[in-house]
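Novice: I'll drop the sequence and a predicted model, then ask my questions.
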Amino acid sequence: MNEANKNSMASTAVTDLDNMAQGRSLVTSGSATYKRSVSKSNGVQNSMKLTFLRKDRPKFNLSDFLRASTEILGSGMFGSTYKADLGDGSSRGGKSPYSAVVVKRYRKMNNVGREDFQEHMRRLGKFRHPNLLPLVAYYYRKEEKLLVSDYVANGSLAFHHKTNKSN
């Protein structure tokens, strides 16, 4: 990937997170992207709070992502994955205990209901395995869903998997 593409992707990551925190979702049509405000119910904007699955972890919020240094890690059919460096962007003041988190942003799951999504997230939050990072928090809105986990350097296990070519 050349430097211009990396800079463009980083700019997109910041813009996407900014729109999300401001209560706007992105609607893409062909090559154009439009901003759309989140619907309001009785004059109150839908909640923009993360639901934390780890009670032993300090809390942060979506506005912390805005203040964070962000980097796009990848993009796929269902959405994008970002690294958000929360170094000193904690809304609780002072330095955040999270040096960085990974935010997986799903945009193509509009048919998933709130209750089903929350139940799956609760199950994922309880799941423990040495090769998987535990889910720290999630966010639900019809147009997009976020999954937050701790960031671990050195990339995905998929990049470190060695195939046995002798078989």
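Specialist: Yes, it's here. In this text the structure is predicted, and so the values were computed from the model without any measurement.
Novice: all contacts plus neighbour counts: C-alpha atoms, from now on.
Specialist: Noted.
Novice: As a check, name the ranges of all helices in the protein.
Specialist: For the chain, the helices identified by DSSP state H occupy 3-21, 62-67, 114-126, 157-160, in order along the chain.
Novice: distance of the closest residue to residue 84 other than its chain neighbours from residue 150?
Specialist: Distances taken as C-alpha to C-alpha, 6 or more residues apart in numbering place residue 70 nearest to residue 84, at 4.5 Å, with adjacent residues excluded. Separation of residue 70 from residue 150 (C-alpha to C-alpha, to the nearest Å): 14 Å.
Novice: still on that earlier bit, the residue nearest to residue 84 against residue 83, yeah?
Specialist: Yes - the criterion here is C-alpha atoms under 8 Å, and residue 70 meets it with residue 83 at 5.5 Å.
Novice: Return every residue with contacts to both of the two.
Specialist: Taking C-alpha atoms under 8 Å, 6 or more residues apart in numbering as the contact rule, residue 70 and residue 83 touch no residue in common.
Novice: CA atoms of stretch 133-142 as CSV?
Specialist: The C-alpha coordinates for stretch 133-142 follow below in CSV (Å, rounded to 0.1, in the frame of the first residue of the first chain):
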residue,chain,number,x,y,z
LEU,A,133,-8.9,-11.3,22.9
PRO,A,134,-11.9,-10.8,25.3
LEU,A,135,-14.6,-8.3,24.2
VAL,A,136,-14.4,-5.2,26.4
ALA,A,137,-17.5,-3.3,25.2
TYR,A,138,-20.0,-3.0,22.4
TYR,A,139,-22.4,-0.4,21.0
TYR,A,140,-25.7,-1.0,19.2
ARG,A,141,-27.5,1.2,16.7
LYS,A,142,-29.6,-0.2,13.9
